[in-house]
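1. Starting from these lines, generate the structure:
(2 chains)
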Amino acid sequence: MRTRAAVAAAILLLCHAGAQALPACEGLKVEDGWIPQAPPVATVMAGYARLSNGGDRPLHVDAVKGADFGSVELHQMSMQNGMMQMRPLRGLDLPAHGSVELAEGGKHLMLLNPRHPLQPGDNVTLEFHCGKQVTPAQFAVRPAPQ
Amino acid sequence: MSNRVLTWSLLAAFAVLFGIAAGMVLLHTDARPIRSGTLLERPRPVPDFALTGSDGKPFTKADLLGHWDVVYVGYTHCPDVCPTTLALLKAVAAGLGDDRKRLRVVFLSIDPERDTPETLAQYTHYFNPDFLAATGSNEQLDALGSKLGFVYQKVPGETPQSYLMDHSSALILIDPKGEVAGYLTPPFKTEDLVGDLKQLVERTA
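-> Below you'll find the predicted structure:
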């Protein structure tokens, strides 16, 4: 039992060290990250934020991950001929000194299968991956706007 | 005035009148704009239908009679626009004050595979315990969609369970006779919806 706990702790430490070892996405800033509170029965939530690239080179965010969710996808909401359509995105492109807004009714994060209930006041960390670089960002859970 | 001038004047007058009449016919549309959408000049009857309500009981045309209804077509595996719209409708209901008793919000799920009545009840009541929800088989939804004027489409995802649904964005307005009275279309503004719905509800009070 003790050995198993020690192995688990070691694996956790290693994973943690692994994540820490990755350098941050160069120039990437993730600001005003927030998650609207969703009905407890909801298996999907949305994440919004403003991403900016302060660097001189274009950035490509190819994945977003978060330990509090089963998986995270990037989606684009749009209205076509009166139809609301949601489509997965293959990452986000940020030109040099450019920015991308993740907002309601547009590009957003789809947070699938929350591992525990999220209440206003909770904070979760989401990791933005750009190839071998990763930038963690805080997202605050807030009541849904009206 | 000579006869000739009189004839020409009459012809000119007829021509003008004909022009106006033709214009009225040509420009006549069967819809009237309101701030938050369009009203049909002639409400469209809805035939009988049978869906399943979020309480597990049948949800039929009888549930639409005697009050106004705002029907929102969506699904619970929709992280962005559906909760945003339901939160908006919560604010609209609050803004209607006493008039909200004469109007019901119905969340119509077009994702019966994943949205069970229980899920729908919990999801919808989170926004407002007075909101109703219903769903049905794809055949039932297709039949109702052609009458209410909504469409939807399943879009495959990476796994069989992670598919997405495209769905009509308009809110469907049903009058107390259970007829389609019009459509409320995005971008939605709470104050416009409250203003228009108050007027409609009070007109038929």
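
2. hmm, the longest strand belonging to chain B in reach of chain A?
-> The longest strand of chain B (DSSP state E) is strand B:37-45. No - applying C-beta under 8 Å from any C-beta of the partner chain, one finds strand B:37-45 separated from chain A by no less than 11.3 Å. Where C-beta positions appear, they are placed from N, C-alpha and C, glycine not excepted.

3. now for that strand, which elements pack on it?
-> strand B:31-34, strand B:171-174, strand B:179-184 (3 or more C-beta pairs under 8 Å, 6 or more residues apart in numbering or on different chains; DSSP states H and E).

4. in its sheet, what does the helix or strand just after that strand sit against?
-> Remark: after strand B:37-45, the chain's next helix or strand is strand B:50-53, criterion DSSP states H and E. Taking DSSP bridges as the criterion, strand B:50-53 sits next to strand B:58-60 (antiparallel), strand B:132-135 (antiparallel) in its sheet.

5. in chain B, which helix or strand is least confident?
-> Ranked by mean pLDDT, DSSP states H and E, the helix or strand of chain B with the weakest confidence is helix B:3-27, at a mean of 63.

6. Now for the residue in chain B that chain A sits nearest to, how many residues are close by?
-> Per C-beta to the nearest C-beta, B:Y126 is where chain B lies closest to chain A, at 3.5 Å. By other C-beta atoms under 10 Å in any protein chain shown, 20 other residues sit near B:Y126.

7. doesn't A:Q37 make contact with it?
-> No - in this structure, B:Y126 is not within contact of A:Q37 by C-beta atoms under 8 Å, at 9.2 Å.

8. Confirm B:L200 sits in a strand?
-> No - membership of B:L200 in a strand is not supported by DSSP: H, G, I helix; E, B strand; the rest coil, which gives helix.

9. before we move on, the earlier item: ramachandran coordinates for the residue of chain B closest to chain A?
-> phi -60, psi -40 (degrees, to the nearest 10).

10. Next up, the contacts around it.
-> A:P39, A:P40, A:V41 (C-beta atoms under 8 Å, 6 or more residues apart in numbering or on different chains).

11. restrict these to contacts with chain B.
-> Residues of the contacts of B:Y126 in contact with chain B (C-beta under 8 Å from any C-beta): A:P39, A:P40, A:V41.

12. and B:V73, what is it in contact with?
-> Contacts of B:V73 by C-beta under 8 Å, 6+ apart are B:L108, B:I110, B:F150, B:Y152, B:H167, B:S168, B:I172.

13. where's it, which helix or strand?
-> Take DSSP H and E as the rule and B:V73 turns out to sit in strand B:68-74.

14. number of nearby residues for A:K65?
-> By other C-beta under 10 Å, neighbour count at A:K65 equals 15.

15. do you know how far the closest residue to it other than its chain neighbours is from B:R35?
-> Nearest residue to A:K65, sequence neighbours excluded (C-beta to C-beta, 6 or more residues apart in numbering or on different chains): A:E127, at 4.8 Å. The spacing between A:E127 and B:R35, counted by C-beta to C-beta, to the nearest Å, is 44 Å.

16. More neighbours: these two, which one.
-> Set A:E127 next to B:R35 and count neighbours by other C-beta under 10 Å: A:E127 wins out with 18 against 12.

17. What pLDDT does the model give the residue of chain A found nearest chain B?
-> Nearest residue of chain A to chain B: A:P39, at 3.5 Å (C-beta to the nearest C-beta). Looking at A:P39, its pLDDT is 95.

18. and it, helix, strand or coil?
-> Relying on three-state DSSP, one would call A:P39 coil.

19. So what's the residue count around it?
-> So A:P39, with other C-beta under 10 Å, has 17 neighbours.

20. these two touch, right, it and B:Y123?
-> Yes - using C-beta under 8 Å, A:P39 is in contact with B:Y123, at 4.7 Å.

21. so what sits against both of those two?
-> Counting by C-beta under 8 Å, 6+ apart, the residues touching both A:P39 and B:Y123 are B:T76.

22. So what's the residue count around residue 81?
-> As the question left the chain open, I've gone with chain A. Count around A:N81 with other C-beta under 10 Å applied: 8.

23. Chain B is the one I meant
-> Neighbours of B:V81 under the rule other C-beta under 10 Å: 21.

24. Secondary structure element holding the nearest residue to it once chain neighbours are set aside?
-> Counting by C-beta to C-beta, 6+ apart, B:V81 lies nearest to A:M84, which is 5.2 Å off, once chain neighbours are set aside. In the assignment (DSSP H and E), A:M84 maps to strand A:83-88.

25. Can you mark which positions in that strand are buried?
-> A:M83, A:M84, A:Q85, A:M86 (16 or more other C-beta atoms under 10 Å in any protein chain shown).

26. hey, what's the third one bridged with?
-> Legend: beta-bridge partners of A:Q85 under DSSP bridges are A:S78.

27. Not counting its neighbours along the chain, what's nearest the residue nearest in space to the middle of chain B?
-> Nearest to the geometric centre of chain B sits B:I172, at 0.8 Å (C-alpha atoms, centre = their mean). On the basis of C-beta to C-beta, 6+ apart, the spatially nearest residue to B:I172 that is not a chain neighbour turns out to be B:V71, at 4.1 Å.

28. Tell me if I'm right that the one you found and B:L171 touch.
-> Yes - counting by C-beta under 8 Å, B:V71 does reach B:L171; the two are 6.8 Å apart.

29. Same drill for those two, tell me which one is more crowded.
-> In this view B:V71 and B:L171 are compared by other C-beta under 10 Å, and B:L171 has more residues nearby, 26 against 23.

30. Done for today, thanks.
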